[in-house]
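test case, fold it:
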Amino acid sequence: MAKQSTSWLTFHKRWPLLLVALLSTSTVIVLLIRAASDSCNTNSVTTTTTITTTPHYSYENTRIQVTSQVETPSNPLRFMKSKLVLLVSHELSLSGGPLLLMELAFLLRGVGAEVVWLTIQKPTDSDEVIYSLEHRMLDRGVKVFPAKGQEAIDTALKADLVVLNTAVAGKWLDSVVKENVPRILPKVLWWIHEMRGHYFKLEYVKHLPYVAGAMIDSHTTAEYWKNRTRERLGIKMPETYVVHLGNSKELMEIAENNVAKRVLREHVRESLGVRNEDLLFAIINSVSRGKGQDLFLRSFYQSLQLIKGRKLQVPSIHAVIVGSDMNAQTKFETELRNFVVENKIQDQVHFINKTLTVAPYLASIDVLVQNSQARGECFGRITIEAMAFQLPVLGTAAGGTTEIVVNGTTGLLHNVGKEGVKPLANNIVKLATNVERRLTMGKRGYEKVKERFLEHHMSERIASVLKEVLKKAENHAFS
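Just a heads-up that it's a prediction; the model follows:
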């Protein structure tokens, strides 16, 4: 079978402790950098909104806090202080949608808002991930209520703002709020992340035209929703705000700490059994056909054949798939592992279980592959996280990736589907054989992150959306 590192489990539990020693000497530097960046005024808010979010890297297991989130007078979200905000998520998992909503919850808590969280779909049995994420929220002062019952209805009626997360969350309105739906809609901000056609069902989004606004992660996705709702469902989108995602301060502090990155790189590579000079091409997404791990492995195998056939002198290259699920062992993942075995590349392919803490793997790899298929990613937060670590990106020319990666400058794009297998293989070879190009692309990607994809960019732009939604809700209340 393909490699599933046994030492990565030990490393995954141990890696925050590895930072203890270096943080004692580098935290002062980090805090000075943080102070300098916080004192800078951010760019003016445009009418088009672009949000920036990632998981909170607070190393809670060891009670190490790289930074503290302290409200400052310049925080553009400060007007949300004392506001009651209800966040309704279709699920609570390590996937992008719930994590983005959690990040918004923490930003609002950071300015003193009262935040309540509801999860619509929860398994009957206990779930370790849900338990962990709920307690992370509780530790940050977010209240977690059951999605059904009078408490949820009362909170929705009292809330200043209700955020529905993903199209599927729309079913909660009819199943729980019921006859009170008309009273809730004027203060609903609907945050949509989906790009798949099967989400365009009237039972999900029939109330969409009547909410205060829709927030979508990329221009491509917003246009797609505008056209599909009109043509397929015969309904009109509400006022829509495009909200690009971005990187938290915690992630940026790790990405900009060379000592931390070196420690993480050394230990991740040790756990995988690869050398410092080896080249690692990684795809970091939940393992599923839509994320394109199968096509990535085909491209990777072809790149090995190209290097061998052309007798190119390059370091040993490896494929890393972060997002595996050793417990589920799905049919698709079995296909991936069988492909690796059949082509005898077990020593060069590494499967790593899905995780919230992606920073160690971003510090340890050389190139990120964003291979989402069909219409691509709605945005693809991992792309800008990789760029923060000065990594070039090999991405599909679809969806939000085209709004992040500048082809030939911060990475290289290829087609989706089977047509993209050979171009991706060629792009892997191009970056494997040209270290200067890799480094230059990585540096330019980092510069783009600093210009457009930081937390303060998100805070400014999300603030402009929330102000408009609150204003609409207030006007409706007095009408």
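
remind me, longest strand of this structure?
Among the elements of type strand in the chain, defined by DSSP state E, the one spanning the most residues is strand 317-324.

mind checking what secondary structure the nearest residue to I321 once chain neighbours are set aside has?
For I321, the nearest residue in space outside its immediate sequence neighbours is F351; the separation is 5.2 Å by CB to CB, 6 or more residues apart in numbering. C-beta here means a position set from N, CA and C on the backbone, and glycine is covered the same way. Assigned state for F351: strand (three-state reduction, DSSP: H, G, I helix; E, B strand; the rest coil).

could you report the neighbour count for F351?
Each residue near F351 was counted by other CB atoms under 10 Å, and the total is 24.

for K249, same thing?
18.

on the pLDDT front, check the residue lying closest to it once chain neighbours are set aside for me.
Leaving out its chain neighbours, the residue that sits closest to K249 by CB to CB, 6+ apart is E455, at 5.3 Å. What the model reports for E455 is a pLDDT of 91.

thought E455 was touching L245?
No: because the distance of 10.3 Å does not satisfy CB atoms under 8 Å, E455 is recorded as not touching L245.

higher neighbour count, these two?
A side-by-side neighbour count of E455 and L245, using other CB under 10 Å, places L245 first with 28 against 23.

wait, a strand at the more buried one?
No: with three-state DSSP as the criterion, L245 is located in coil rather than a strand.

that one contacts T383, correct?
No: using CB under 8 Å, L245 is not in contact with T383, being 9.2 Å away.

how about the CA coordinates for stretch 284-292, as PDB?
Included here for stretch 284-292 are C-alpha records, laid out as PDB according to Å, rounded to 0.1, in the frame of the first residue of the first chain:
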ATOM      1  CA  ILE A 284      -4.300  19.700   0.700                       C
ATOM      2  CA  ASN A 285      -8.100  19.100   0.500                       C
ATOM      3  CA  SER A 286     -10.500  16.500   1.800                       C
ATOM      4  CA  VAL A 287     -10.100  13.400  -0.300                       C
ATOM      5  CA  SER A 288     -12.900  13.300  -2.900                       C
ATOM      6  CA  ARG A 289     -13.300  13.100  -6.600                       C
ATOM      7  CA  GLY A 290     -14.300  16.700  -6.900                       C
ATOM      8  CA  LYS A 291     -10.900  17.800  -5.400                       C
ATOM      9  CA  GLY A 292      -9.000  15.900  -8.100                       C
END
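
that stretch: how far from the chain's middle?
For stretch 284-292, the distance from its own C-alpha centre to the chain's C-alpha centre is 13 Å (CA atoms, centre = their mean, to the nearest Å).

average pLDDT for it?
Stretch 284-292 shows an average pLDDT of 93 in the prediction.

the stretch 101-250 of the chain: helices as residue ranges?
Taking DSSP state H, counting those that start in this stretch to define them, one finds helices in the stretch 101-250 of the chain at 128-139, 150-158, 171-172, 181-184, 202-205, 219-228, 249-255.

between the ones you listed, which gets nearest to A359?
For A359, the closest of those is helix 249-255, at 4.9 Å, according to CB to CB.

just checking, next helix/strand downstream of the closest one?
From helix 249-255 onward toward the C-terminus, using DSSP states H and E, the following helix or strand is helix 258-272.

buried sites along that following helix?
260-261, 263-265, 267-272 (16 or more other CB atoms under 10 Å).

ok, now stretch 402-421?
Within stretch 402-421, the residues scored as buried using 16+ other CB under 10 Å are 402-405, 410-414, 416, 420-421.

can you dump the C-alpha coordinates of the longest strand of the chain into CSV?
These are the backbone C-alpha positions of strand 317-324, laid out as CSV (Å, rounded to 0.1, in the frame of the first residue of the first chain):
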residue,chain,number,x,y,z
ILE,A,317,10.1,14.3,-6.1
HIS,A,318,7.2,13.3,-3.8
ALA,A,319,3.4,13.6,-3.9
VAL,A,320,1.8,14.4,-0.6
ILE,A,321,-2.0,14.1,-0.1
VAL,A,322,-3.2,15.8,3.0
GLY,A,323,-6.9,15.2,3.7
SER,A,324,-7.1,11.4,3.8
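
which other helices and strands does it contact?
Secondary structure elements in contact with strand 317-324, counted by 3 or more CB pairs under 8 Å, 6 or more residues apart in numbering; DSSP states H and E, are strand 279-284, helix 293-310, strand 349-353.

off-centre distance for the last one?
For strand 349-353, the distance between its averaged C-alpha position and the chain's averaged C-alpha position is 19 Å (CA atoms, centre = their mean).

same check on the first one?
Shown here is strand 279-284, whose average C-alpha point lies 17 Å from the average C-alpha point of the whole chain (CA atoms, centre = their mean).

who does it pair up with?
Looking at strand 279-284 with DSSP bridges, its paired strands and their directions are strand 317-324 (parallel), strand 367-370 (parallel).
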